[in-house]
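Engineer: below are the sequence and a predicted model; questions follow.
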Amino acid sequence: MEFLELVNKRQSDRKYAPKPVAREHILKCLEAARLAPSACNSQPWKFIVVDDRAKLAEMSEAAIGLGMNKFTVQVPVLVAVVQENMNLSAKAGSIVKSKDYSMMDLGIAVEHFCLQAAELGLGTCIMGWFDEKKVKKLLGVPRSRRIQLLIALGHPDAPTREKIRKPLEAIASWNGY
């Protein structure tokens, strides 16, 4: 598949078929994330894959709130993305430039994961809305770490939607703002 076809295919899926995700497909998604570039090769991430039904139910409960993420009750896999410490070079650069490189790095790694999933015919939804304290306790994540995102992963049970985006001239310019 051409890259732009893949980008058009990748969407935030909120409806999943009741079908398990093959372990080898999850491993391919993790490998794509592992290969993502990061500031000073810091790789400040850890992906915790949850496919245990009991834990999934608790994770879903932690993700649902104020009408958000109700679809998680049907997701066969949830992945918690833990922000790990940057190496010294990346940390120093982040301080000097007042930019959290680790958050940028997480974004790149997560999108690599999701693009690989789309290429395999799987659906994903990246979520920032969840009770982090509950999820950390459930997964045994140290208090010194943050879970920045959850990724829903499964077989989509709805068609790919047409993307509605701003026109190119609204988001890009040449040689100046």
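Structural biologist: Arrived safely. These figures come from a predicted structure and were not determined experimentally.

Engineer: so where do the strands sit in this protein?
Structural biologist: Along the chain, counting by DSSP state E, strands occupy 45-50, 77-83, 123-127, 146-154.

Engineer: can you list contacts of the helix ranked longest in the chain?
Structural biologist: Taking DSSP state H as the criterion, the chain has its longest helix at helix 101-119. Residues from elsewhere that reach helix 101-119 (Cβ atoms under 8 Å, 6 or more residues apart in numbering): 1, 6-7, 9-10, 25, 28-40, 42-45, 47, 79, 81, 83-84, 86, 90, 93-94, 123-124, 126, 148-149, 151, 153. Glycine gets a C-beta too; all of them are placed from N, C-alpha and C.

Engineer: any idea of the angle that helix forms with strand 123-127?
Structural biologist: 160 degrees (axes from the mean of the first three to the mean of the last three Cα atoms, to 10 degrees).

Engineer: tally of neighbours for Leu27?
Structural biologist: 11 (other Cβ atoms under 10 Å).

Engineer: which residue ranges of this structure form helices?
Structural biologist: Counting by DSSP H, the helices of the chain are 3-9, 23-34, 53-63, 88-97, 101-119, 132-139, 168-171.

Engineer: so where's the protein uncertain?
Structural biologist: Of all residues in the chain, none has pLDDT under 70.
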